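S.K.: pasting a predicted model and its sequence here:
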Amino acid sequence: MTSVAQNLQFVRSSIKEGVRLIAVSKTKPVAMLQEAYDAGQRLFGENKAQEMREKHQALPEEVEWHFIGHLQSNKVKYIAPFVRMIHSIDSLALLQVVDKEAEKHGRVIDCLLQFHIATEETKFGLSEEEAVALLESDNYKAMNHVRLCGVMGMATNTEDTALVRQEFRHLREIFQRIKQHSFAEATYFKELSMGMSHDYAIAMDEGATLVRVGSAIFGQRNYAI
């Protein structure tokens, strides 16, 4: 058994029922993704559009691709033909581009609204007020090729687990208010994407339905790529 497969087996053993595991494979070579695929993993997360497109072309069709990083509008076209879910919608303008590109391919792309819940200013995301304005806008209501399925957020990168828990709980509360406000009858609005290798256990405790785990499966990220 390869180390990737062993790591994956260990992480899977800790995943709660009802939670889906996204193997975050950014910067990792296709061979490592193939190892994870051969071990049964089907959900993969990437944060660069062109890298994701190249890996999509190299791996089996059964892979479910999730885009989890900050997405530039001019890069949407690279992933629109195949991406299963975009976790990082942080503006109306970006959602409009996704809708337009999805229409070109006759698709409806599932998306999550990204919220800024961390103390770090460098992280992207909407405020709750901005999200409500987006959802109430005529531009959003005119879209036919995107489907908002929930929310995503990244906690502060800290050893303070109490703060991390507080931030995840805050995101869950935002999710509940947004659902009640705009998606009360929508069974598909159910996803709470939060938690990475160092904090996904806390995220699951606070209601995560999707966790994004990279280094615990593939090893540390290669920042030189």
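M.R.: Cool, got the structure.

S.K.: after the helix or strand where Glu167 lies, next one along is what?
M.R.: Using DSSP states H and E, the element containing Glu167 is helix 161-182. Where DSSP H and E defines the elements, the next helix or strand beyond helix 161-182 is strand 191-193.

S.K.: and that following strand, what does it pack against?
M.R.: Applying 3 or more C-beta pairs under 8 Å, 6 or more residues apart in numbering; DSSP states H and E, we find strand 191-193 packed against strand 146-153, helix 161-182, strand 210-213. Where C-beta positions appear, they are placed from N, C-alpha and C, glycine not excepted.

S.K.: out of the ones you listed, nearest to Ile202?
M.R.: Nearest of those to Ile202, taken as C-beta to C-beta: helix 161-182 at 5.3 Å.

S.K.: can you pull up the most central residue in the chain?
M.R.: Compute the mean C-alpha point of the chain, and by C-alpha atoms, centre = their mean the closest residue is His87, 3.5 Å away.

S.K.: part of a strand, is that one?
M.R.: Yes: per DSSP: H, G, I helix; E, B strand; the rest coil, His87 lies within a strand segment.

S.K.: that one and Val24, how far apart?
M.R.: Note on His87: its distance to Val24, by C-beta to C-beta, to the nearest Å, is 11 Å.

S.K.: shared neighbours of these two, which are they?
M.R.: 45, 68, 212 (C-beta atoms under 8 Å, 6 or more residues apart in numbering).

S.K.: helix/strand/coil for the nearest residue to the second one once chain neighbours are set aside?
M.R.: The spatial neighbour of Ile68 that comes closest, neighbours along the chain excluded (C-beta to C-beta, 6 or more residues apart in numbering), is Gly45 at 4.3 Å. Under the three-state scheme (three-state DSSP), Gly45 adopts strand.

S.K.: can you read off the pLDDT for Gly45?
M.R.: Here the pLDDT value assigned to Gly45 is 98.

S.K.: that one: what's it in contact with?
M.R.: Counted by C-beta under 8 Å, 6+ apart, Gly45 has contacts 22-26, 65-68, 87, 212, 214.

S.K.: return the member of those residues nearest to Ser193.
M.R.: Set against Ser193, the nearest of those by C-beta to C-beta is His87 (5.2 Å).

S.K.: test my guess that that closest one contacts Met152.
M.R.: Yes: using C-beta atoms under 8 Å, His87 makes contact with Met152 at a distance of 4.3 Å.

S.K.: quick one: common contacting residues for the two?
M.R.: Taking C-beta under 8 Å, 6+ apart as the contact rule, the neighbours common to His87 and Met152 are 68, 112, 114, 193, 210.
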